[in-house]
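[1] just the structure for this:
(2 chains)
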Amino acid sequence: MGNDGSRQGENRRNFIRLGLGAAAGLALPAGLAGRAFAADQPPLGTWPVGAQGNSVFIGIAVPRTGTYAVQGEDELKGWQLAVEHLNSGHPLMRQISTRTKKGVLGKEVKYGVADSAAKPNNAVQAEQRFITENHAILMTGSTSSAVAVAMNKLAQREKVLYVTGISGSNDTTGKDCVRYGFRQNFYGQTAAAALGPVLVKAYGKGKKAAYMTPDYTYGHTVTKSMQDYLATAGWTTVTNQVSPLGAPDYSSYLLNIANSGADVLINVNWGHDAVLSTQQAQKFGILDKMKLAIPYQIPFLAPETGGGLTAGVYAATDFWWTLQDKFPLAKMFVQEFEKKYGYKPEWGANNAYMSFALWADAVENAGTFYPPDVIKSFEAGRKLQSTVGEVYFRKEDHQLVRPVVIVQGKKPGEMKNKEDYWNVIEIIPGEPLMQKPDAFGCNLGTYT
Amino acid sequence: MITWSNFVSQLFNGLALGALLALISSGLTIIYGTLGVLNLAHGAMFMLGGYAGFAAYQATNSFLVAVIVGSVSLLAFGVVMERVIVRHFYSRPHEDQLLVTFGLAICIIEGVRFFFGSESRNVPAPEALSGIVSLGFAMYPKYRIVLMGIVAAALLALFVVLYRTRLGMIVRAGIEDPVMVDSLGINVYRVFMVVFGIGAMAAGFAGIVNAPVASLTPDVGEAILVQTFVVVVIGGVGSFPGAILGGLIAGEIISLTSMVNPGYAYVMLFAAMTLVLMVRPHGLLGQPGRE
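    Alright, predicted model coming up:
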């Protein structure tokens, strides 16, 4: 119903647009044409108020405290660099968003930052404030899929676009997908489909796996996807240790794993939880007995755990800085980021940068900030240049179709410099890995 | 996964977990029992002790120096905090005390984040205490076993101070009736300052001896604080033996529940607290009528 209704609305709008456009071209001064054009688009969300001045505002809610604080700060730097590049019309930005000159549709981009502490309630409250007080025309944030899912609902309700930060849950563009939400990084299912064959090839069929799962949407969906894939190779789950976000100690979970007889430990924990659980697994002697695998590479895991604990570990990731050897845009991004912040970017920063660049491309191609038109621009399926090659958004679930990068941890002796933690062993095209758009029950909802 | 060896492993692990919780909780309960101040900055002080020790370890490479610095610096911090801020809130409502200590906690956490960042910091255990030992029923980190002994010694020292010294006698008398102690000519405020300092030192000591177990972040005290309150409520607010008993019970609940269903390990802790509040509102070893 919603789709049909909006299609009718679109046809009507196109009809009036064409008619008025022709009339304006013949009879009206150019300045009045825009007003006649806007008359058919009633105010929606923060539009048009949020797009009327010389600038537009983006609300960023990112964890700067709590378990995901380190990853959040990295993401924030990616967004800040993107805004800087948008406003200056940087060549890197213009190679991704090819119509960009300076700003977005000539308007300067401003932003506000709030600490979400990876809590959905904090993020929603902060973004609601950005909508009310700053008329934000775009929202972003997360490093927790629980936040991303909550933000999706806010975006759809308030009719303000939302591009996710880090969010690996199958729910984000699956059962909790919305018309107003778009995700740049891949599904947990896609990570499992990419990493699974690598694990089976490395460790064989019929293995016993132990899981460590954070108790929220990301953890449960990623663990399920890994279990489903590995079951096809005869792997079994001997134990699944579900723990709360920010658990101060993992000893009781690790004892269960130590006594489980597992061959492989698949650690789905994230942020500091992943650091602590991995360090403690080593102290309990588990990493001497079991292989460690990480479905979603965790930014800064390798340096924070220290002692080469990630050596030999397989993980799926969006981006690793050595991709600069293969992709020219990745090289530009790494150089620009390092020049500004003094370290090589992690994938959270890359994801953040790309999400703004792809949004700018959608707006520039729509020629307006009017949300339904921007959404349709995202949904047009344009092939876009990114830091990992050509990508496009799937219109049915608003998921970016993009390659998955498989990395393996290096031993300390193999590292060529102090940030050379991972070896890129495979770059797998995304499309064949992905489930059908409706496999997780996505129903995008209405445009207006 | 219930097997005999796993059960014994978890039982033992519960003791180790509980011992540390008991140590942190004892500082909290001593301060509350004596001063009537519910110190929401206790978790932040636990963290600060860890970072003070970390800084000392970076400078000296000595774990022993780290432990001394982590403890003594928090003793000093506690004394200053009591004299400058907390003292002015003894006669104020509990809400004011909660707000001021909560605000202090935020300042401490963000101060540490400003200087050290959010990244994990590691303080390794001394070489002789590192590694894994076989207990027959499980392989267990050597340092965690040693930590049980360290905590037991620290709790014993606190017990001696509280129950076998003149200071301890005044503290316990102050818990029962501060007005009477004051009227006997004893400078209660000086005692309060010392008590707050000892409570802070217990938190700082726990923070640094726990650092080789769980890497430091500015937020490390937050999750611990919640558990510590549960321990104090279970054991009895203001009761030193109650903190020890409550800590051991909490450790066993977390460990043994994880064996049956790990997802409920922390939930069961709160369920136990609720049960205690319903059946024995003043806690297992607390006394009715005491605040």
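
[2] what pLDDT does B:M169 get?
    We have a pLDDT of 88 for B:M169.

[3] same deal with the one 5 residues further on?
    We note a pLDDT of 75 for B:G174 in this prediction.

[4] excluding chain neighbours, what is closest to the residue in the stretch 1-150 of chain B that chain A sits nearest to?
    Of all residues in the stretch 1-150 of chain B, the one sitting closest to chain A is B:S118 (3.9 Å; Cβ to the nearest Cβ). All C-beta atoms are positioned from the backbone trio N, CA, C, and that covers glycine. Here the nearest residue to B:S118 in space, its sequence neighbours aside, is A:A69; by Cβ to Cβ, 6 or more residues apart in numbering or on different chains that works out to 3.9 Å.

[5] for chain B, what are the nearby residues on the stretch 1-150 of chain A?
    For the stretch 1-150 of chain A, the contact set with chain B under Cβ under 8 Å from any Cβ of the partner chain comprises A:R64, A:T65, A:G66, A:T67, A:A69, A:V70, A:E73.

[6] 10 Å instead, please
    Counting by Cβ under 10 Å from any Cβ of the partner chain, the stretch 1-150 of chain A comes close to chain B at A:P63, A:R64, A:T65, A:G66, A:T67, A:Y68, A:A69, A:V70, A:Q71, A:G72, A:E73, A:A117.

[7] was I right about the last one contacting B:I109?
    No - under the criterion of Cβ atoms under 10 Å, A:A117 is not in contact with B:I109, lying 11.5 Å apart.

[8] any stretches of the chain with poor pLDDT?
    By default, I'm working from chain A. Within chain A, the segments meeting pLDDT under 70 span A:1-39.

[9] not quite, go with chain B.
    Applying pLDDT under 70 to chain B flags the ranges B:1, B:175, B:289-291.

[10] the helices in it, which residues?
    Counting by DSSP state H, one finds helices in chain B at the ranges B:4-35, B:42-60, B:63-84, B:94-116, B:142-163, B:166-176, B:178-183, B:188-210, B:220-235, B:240-260, B:265-279.

[11] format those helices as CSV; extra columns: mean neighbour count and distance to A:A231.
    Conversion of the helices of chain B to CSV gives the following (neighbours: other Cβ atoms under 10 Å in any protein chain shown; distance: least, Cβ to Cβ, whole Å):
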stretch, mean neighbour count, distance to A:A231
helix B:4-35, 24, 25
helix B:42-60, 24, 42
helix B:63-84, 20, 46
helix B:94-116, 16, 43
helix B:142-163, 17, 35
helix B:166-176, 16, 60
helix B:178-183, 14, 65
helix B:188-210, 25, 39
helix B:220-235, 25, 34
helix B:240-260, 24, 25
helix B:265-279, 16, 27
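
[12] tabulate these in CSV, adding columns for distance to chain A.
    Formatted as CSV, the helices of chain B follow (distance: least, Cβ to the nearest Cβ, whole Å):
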stretch, distance to chain A
helix B:4-35, 4
helix B:42-60, 10
helix B:63-84, 16
helix B:94-116, 7
helix B:142-163, 7
helix B:166-176, 29
helix B:178-183, 34
helix B:188-210, 9
helix B:220-235, 4
helix B:240-260, 4
helix B:265-279, 5
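
[13] name the SS class of the residue of the stretch 101-250 of chain A found nearest chain B, please.
    Nearest residue of the stretch 101-250 of chain A to chain B: A:V242, at 3.9 Å (Cβ to the nearest Cβ). Three-state assignment for A:V242 (DSSP: H, G, I helix; E, B strand; the rest coil): strand.

[14] what's the answer for the one 3 residues further on, then?
    On the three-state scheme (three-state DSSP), A:L245 is labelled coil.

[15] for it, give me its contacts.
    Contacts for A:L245 (Cβ atoms under 10 Å, 6 or more residues apart in numbering or on different chains) come out as A:66-68, A:118-119, A:144, A:146, A:214-216, A:218-219, A:269-273, B:223.

[16] strands - which of the residues you listed land there?
    A:P214 (DSSP state E).

[17] what subset of the contacts of A:L245 is buried?
    When those are checked for burial by 16 or more other Cβ atoms under 10 Å in any protein chain shown, the buried set is A:66-68, A:118-119, A:144, A:146, A:214-216, A:218-219, A:269-273, B:223.

[18] ok, and the residue nearest to A:F440 when sequence neighbours are not counted, which helix or strand is that part of?
    Nearest in space to A:F440, with sequence neighbours left out and distances taken as Cβ to Cβ, 6+ apart, is A:G174 at 2.7 Å. Using DSSP states H and E, A:G174 is not contained in any helix or strand.

[19] I'd say A:G174 and A:Q435 touch.
    Yes - with contacts counted by Cβ under 10 Å, A:G174 reaches A:Q435, the gap being 8.7 Å.

[20] and the gap between the residue in the stretch 301-448 of chain A positioned nearest to chain B and A:T310?
    Minimum separation of the stretch 301-448 of chain A from chain B (Cβ to the nearest Cβ) falls at A:E304, amounting to 4.5 Å. According to Cβ to Cβ, to the nearest Å, A:E304 stands 10 Å off from A:T310.

[21] now do the contacts for residue 264.
    Answering for chain A, as no chain was given. For A:V264, the contact set (Cβ under 10 Å, 6+ apart) comprises A:199, A:202-203, A:207-211, A:230, A:235, A:238, A:290-293, A:314.

[22] um, chain B though
    With Cβ under 10 Å, 6+ apart, B:Y264 has these contacts: A:V242, B:I253, B:T257, B:S258, B:A271.

[23] is B:V230 in contact with B:L275, as I believe?
    No - taking Cβ under 10 Å as the definition, B:V230 is not a contact partner of B:L275, at 11.7 Å.

[24] thinking again about what came up before, find the residues that touch each one of A:A117 and B:I109.
    Residues touching both A:A117 and B:I109 (Cβ under 10 Å, 6+ apart) are A:T65, B:D219, B:E222.

[25] out of these, who's nearest A:G430?
    A:G430 has its nearest neighbour among the shared contacts of A:A117 and B:I109 in A:T65, at 33.1 Å by Cβ to Cβ.

[26] next up, phi/psi of the closest one, please.
    Per-residue torsions, A:T65: phi -130, psi 170 (degrees, to the nearest 10).

[27] just to check, it is in contact with A:A114?
    No - using Cβ under 10 Å, A:T65 is not in contact with A:A114; the gap is 11.3 Å.

[28] more crowded one of the two?
    Set side by side, A:T65 and A:A114 show more neighbours around A:T65, with 22 against 18, by other Cβ atoms under 10 Å in any protein chain shown.

[29] OK, contacts around the residue nearest to A:F440?
    Counting by Cβ under 10 Å, 6+ apart, A:G174 makes contact with A:149, A:187-189, A:217, A:221, A:397, A:399, A:435, A:437-442.

[30] please pick the buried ones from those residues.
    Neighbour counting with 16+ other Cβ under 10 Å marks A:V149, A:Y187, A:G188, A:Q189, A:T217, A:T221, A:D397, A:Q399, A:Q435, A:P437, A:F440, A:C442 as buried within these.

[31] quick check: the last one touching A:T173?
    So that's A:C442. Yes - the pair A:C442 and A:T173 qualifies as a contact (Cβ under 10 Å) at a distance of 6.5 Å.

[32] tell me, what's touching these two both at once?
    Counting by Cβ under 10 Å, 6+ apart, the shared contacts of A:C442 and A:T173 are A:R394, A:E396, A:D397, A:H398, A:Q399.

[33] among those residues, which one sits closest to A:L105?
    For those, the residue nearest A:L105 by Cβ to Cβ is A:H398; the value is 21.5 Å.
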